[in-house]
Structure formats: structure tokens, C-alpha cells
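Asker: below: sequence and its predicted model.
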Amino acid sequence: MKKLQKITPFLWFDTQAEEAANFYVSIFQNAPLVSGESKILDVNRYDETGSKASEMPIGSVMVASFQLEDQQFAALNGGPFFKFSGAVSFVVNCETQEEIDYFWEKLSKGGEKGQCGWINRDKFGVTWQVVPTVLDKFLGDADSVKAQRVMEAMLKMTKIVIADLQKAYES
């Protein structure tokens, strides 16, 4: 039996939990350099008791549990009471420009692209950051002038371009 994950992100949707879970799984299943498994784990539906408590239709999706790169998530159809905020986001750490390009285009489709690798809202309202793993090295460099050049370059970007960060770091 697989050990239960200690912390699971739990996402509140109005009525799109299953659609969102399928969307995210399809993106991560087909991503370049996939290192973990992405799949739908379970879909639970509202029964009569849950329907009465939530005012959601009997038989409609209550919770869709899914996994992205071995990280488990739960998506609830809870109605229009809560909305997503950019105060919480999911970071997608990318090794290559190919990965950045892929996740940037897939996750931002139908949403709102932001600055510095942020997708302010995907088509479901969830906020993502698509960043290269080398960014921490560049911004944390002991040479503060190099780090500052990288920060200045990044602040001019929407989708992050590793080659441009590298150029700023080395110039």
C-alpha cells in the first residue's frame, strides 16, 4: 500500500474540478523530460447527503484526485463561494528551454500570462510559475552584480528565456 502524502494541495472549483484535473494531467503526461507519473487517481461523486449539504446535484463530481509528476492534488466542486488568488501559485521547475516553452504555452492557453514566468491565471483561475532551475543559481550568485543583471533581464520577460538569463549572467 502506498504511503499517504503528508500534504496535498486541495483546489476549490465551482463545477470544473474533473475538467481541470484532466487538463493538468494531459499537460504533465505529455511533457518533455517527464520524470514522474501523472494520472487521475479517483473521482468521487455527490450522494444524497453530500448534495443536500452542498447544494450540488446528486451524481455530480465532488472530488477528483489526481497526480502530477508524483505530486498528489485534490480538486473539489464546491460551488462559487471561493475563488483562486495569485497569493498561492504552483511552480513548475524546468531544466530546459523546451520544457519552459511547453509548460508556458500549455498552462497559459485560455488564461492570462504575466511577468517573470508567471501565468497569472490559467483557464481555471489557478496561478503558475514556469521557471528554469538555473534561476536560483544565477540570482543567488555571490557576485551581486551578476545577480542584479539577471534580475534586470528577468524583469523584462514574460516567458523566461534561459539563453537571455545566461547572457546577462555572463556579460
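Answerer: Alright, I've got the coordinates. Residues are numbered from 1 along each chain as shown.
Asker: list the contacts for the closest residue to G110 other than its chain neighbours?
Answerer: With sequence-adjacent residues excluded and distances taken as C-beta to C-beta, 6 or more residues apart in numbering, G110 is closest to K123, at 3.4 Å. Bear in mind the C-beta positions are built from the backbone N, C-alpha and C, glycine included. Neighbouring residues of K123 by C-beta atoms under 8 Å, 6 or more residues apart in numbering: 23, 109-111.
Asker: filter these down to the buried ones.
Answerer: Neighbour-count burial (16 or more other C-beta atoms under 10 Å) is assigned, among the contacts of K123, to 23, 111.
Asker: output the contacts of K123 in a markdown table, with distance to K52 and secondary structure appended to each entry.
Answerer: Listed next are those as a markdown table, based on distance: C-beta to C-beta, whole Å; DSSP: H, G, I helix; E, B strand; the rest coil:
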| residue | distance to K52 | secondary structure |
| --- | --- | --- |
| F23 | 30 | helix |
| K109 | 37 | coil |
| G110 | 34 | coil |
| G111 | 34 | coil |
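Asker: which of the contacts of K123 lies closest to Q72?
Answerer: Of all the contacts of K123, F23 has the smallest distance to Q72: 16.5 Å, by C-beta to C-beta.
Asker: could you measure from that closest one over to V161?
Answerer: Per C-beta to C-beta, to the nearest Å, F23 is found 25 Å from V161.
Asker: show me the chain divided up by domain.
Answerer: For the chain, the structural domains run 1-82, 84-171, going by automatic domain parsing.
Asker: start and end of the last one, how far apart?
Answerer: It stands for domain 84-171. End-to-end distance for domain 84-171: 40 Å, by C-alpha to C-alpha, to the nearest Å.
Asker: I'd assumed W104 was in contact with V130.
Answerer: Yes - when contacts are counted by C-beta atoms under 8 Å, V130 is listed as touching W104 (4.9 Å).
Asker: who has more neighbours out of those two?
Answerer: The residue with more neighbours, out of V130 and W104, is V130; 26 against 20, by other C-beta atoms under 10 Å.
Asker: could you list the buried residues of the helix or strand of the chain with the lowest mean pLDDT?
Answerer: Lowest mean confidence among the helices and strands of the chain (mean pLDDT, DSSP states H and E): helix 48-54, at a mean of 94. Neighbour-count burial for helix 48-54 flags 51, 54 (criterion: 16+ other C-beta under 10 Å).
Asker: all set, thanks.
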